[in-house]
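Participant: From the sequence below, what's the structure:
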Amino acid sequence: MLRWLEFCWRRASACWLFVMGNFECTEAQREWLLLRRNYCLAQISSPPLPEKLDISEVAKAADATLRRMGIASPSGEIFRKGTPVC
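Facilitator: Numbers count the residues shown, from 1 in each chain. All right, here's what the predicted structure looks like:
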């Protein structure tokens, strides 16, 4: 239901923008249309903030992959520019 309401508010906002762009309006009318559009956008709940990104599992998986490939290098010199690779 929440997604449907957000869709409706977004659609209403787009309609106000269409009216603003495609019809002759006085400055006062354009201001009113802008207020209505901003009201519609304000009704949309913002997405929840993501939790703190924990990349330790990704780093562990990458390290394991490098070890399996035989190119693991604790200091990372294999990935530095100008270092000869054997």
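
Participant: Ramachandran coordinates for residue 70?
Facilitator: Per-residue torsions, residue 70: phi 80, psi 20 (degrees, to the nearest 10).

Participant: typed the wrong thing, it's residue 55
Facilitator: Residue 55 adopts backbone torsions of phi -100, psi 10, taken as degrees, to the nearest 10.

Participant: And the pLDDT for it?
Facilitator: Here, the pLDDT recorded for residue 55 equals 85.

Participant: low-confidence ranges in the chain?
Facilitator: Scanning the chain with the threshold set as pLDDT under 70 gives 1-2, 76, 78-79, 81-86.

Participant: three-state assignment of residue 9?
Facilitator: helix (DSSP: H, G, I helix; E, B strand; the rest coil).

Participant: most centrally placed residue in the chain?
Facilitator: residue 47 (10.0 Å; C-alpha atoms, centre = their mean).

Participant: helix or strand for that residue, which one?
Facilitator: Using DSSP states H and E, residue 47 is not contained in any helix or strand.

Participant: I am finished for the moment; much appreciated.
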